[in-house]
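> Got a predicted structure plus its sequence, pasted below:
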Amino acid sequence: MVALNLGFCHYILDHIYGAFVHRMRLAPPFFSAGWGGPKLELLEKMTRQLLSQGLAEVAAQRWPPRNIQPLWKTVWESRTARLQEGIFKTPCDDELLDALPIESYTARVALLTPKCVPAHRMACVVHLAGTGDHSFERRLRLGGPLLKYNIATMVLESPFYGHRRPRLQHGAKLLCVSDLLMLGRVTIEETRTLLYWLETEAGFSKTGVCGLSMGGVHAAMVGSLHPTPVATLPFLAPHSAAVAFCEGILRHGTAWDALRHDLQNVGMTIEEVRERMRSVLSLTDVTQFPIPKSPSAAIFVAATDDGYIPRHSILELQRAWPGSEVRWVTGGHVSSFILHNDAFRRAIRDSLDRLS
């Protein structure tokens, strides 16, 4: 009974946080400028073509990715560790680049490594941003304690976030639905390129990719497309963005009236607009992606009482990846971000160990 009540409290905390952030309208909702017009049409067309051709085949044809040479500067170094930040031009093709805001053209990364350890004796995990994570700090705090296990942390600043945020965008509230698809597509391209750089240029012995919430969806996509075994760690992540925006608490922070108006169909109900959203965001369904080369190195960490991500969504992806593992932590979406970093770190270590 106590455990049940505690779980309910975590669930309620998610809803209180969601009400404060989304329902009180302290900031604009997601997609207040509508669907994105021609940009959405372009991204839908490109994604459906990739799906029809077969994602595994297309990913193999596009490997290796474009070469990057990040420009690095040292932020600080101690007796045991070094933090560097680097920049590089996003490796996306011209068609995507034309649709990307100019503020997002330059990618930024941070790299936290142990000192005096050769790269071939280290692993490195790329940490991807969750919704609203505009800086490097939280992810560096997650990865910092892993240095003693010779696990380095690379943090990618997402397009549309941080220094890459478009001028008219308020915080993390993407203006158009097309921005969400663009953010995901560019993040995947950049992360694939970074993994290639880590393996071939930097010389790390093992690599991985992880992310919380939205970052977990992107991590799953990257891990599924990588041509060799890679540690894949989606934390508190759904199998599709449609779940987050149409079922979870984020539905209360979505500009459904603006989306209906943009469709120029005043007779359409909000539920019909939501079904249109489901159709568009079905393109982010990770169960349509190939199974990773080493599914046993895919570990999902999910919360028992998550108000943002329903339990069925986690299990759908596990079923699509036979051999993967789900680990449950007691909590909701918000509380697990705060309380369960040790569980995320343990999953990272175990996943990398399974690559041997």
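Arrived safely.
> Regarding residue 273, which helix or strand does it belong to?
Element membership of residue 273 [criterion: DSSP states H and E] is helix 270-281.
> can you check residue 44 too?
Element membership for residue 44, per DSSP H and E: helix 38-53.
> in that helix, what's buried?
Residues of helix 38-53 classed as buried: 39-40, 42-44, 46-47, 50 (neighbour count, 16 or more other C-beta atoms under 10 Å). Where you see a C-beta, it was placed from the backbone N, CA and C, and this is true even at glycine.
> Can you add distance to residue 281 and give those residues back as CSV?
CSV is the format used below for those (distance: C-beta to C-beta, whole Å):
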residue, distance to residue 281
39, 15
40, 11
42, 16
43, 11
44, 11
46, 15
47, 11
50, 16
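> could you redo the residues you listed as a markdown table and give each row distance to residue 356 and pLDDT?
Listed next are the buried residues of helix 38-53 as a markdown table, based on distance: C-beta to C-beta, whole Å; pLDDT from 0 to 100:
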| residue | distance to residue 356 | pLDDT |
| --- | --- | --- |
| 39 | 43 | 96 |
| 40 | 43 | 97 |
| 42 | 42 | 95 |
| 43 | 38 | 96 |
| 44 | 41 | 96 |
| 46 | 37 | 93 |
| 47 | 35 | 94 |
| 50 | 32 | 92 |
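> farthest-separated two in those?
39 and 50 (16.7 Å; C-beta to C-beta).
> returning to that earlier point: what's the angle from the helix holding residue 44 to helix 270-281?
Angle, helix 38-53 to helix 270-281, by axes from the mean of the first three to the mean of the last three C-alpha atoms, to 10 degrees: 60 degrees.
> what's the following helix or strand after helix 38-53?
Going down the chain from helix 38-53, the next helix or strand is helix 55-61, by DSSP H and E.
> which other helices and strands contact that next one?
Applying 3 or more C-beta pairs under 8 Å, 6 or more residues apart in numbering; DSSP states H and E, we find helix 55-61 packed against helix 214-225.
> coming back round to it: return the closest of the buried residues of helix 38-53 with respect to residue 239.
Comparing the buried residues of helix 38-53 against residue 239 with C-beta to C-beta picks out residue 47 as the nearest, at 16.1 Å.
> what's the burial count for residue 69?
By other C-beta atoms under 10 Å, 10 other residues sit near residue 69.
> Numbering from 690 from now on, please.
Happy to do that; since the first residue is 690 now, the last one works out to residue 758.
> is it true that residue 765 lies in a helix?
No. The assignment for residue 765 (DSSP: H, G, I helix; E, B strand; the rest coil) gives strand, which keeps it out of a helix.
> Give the bridge partners for it, please.
Using DSSP bridges, the beta-bridge partners of residue 765 come out as residue 772.
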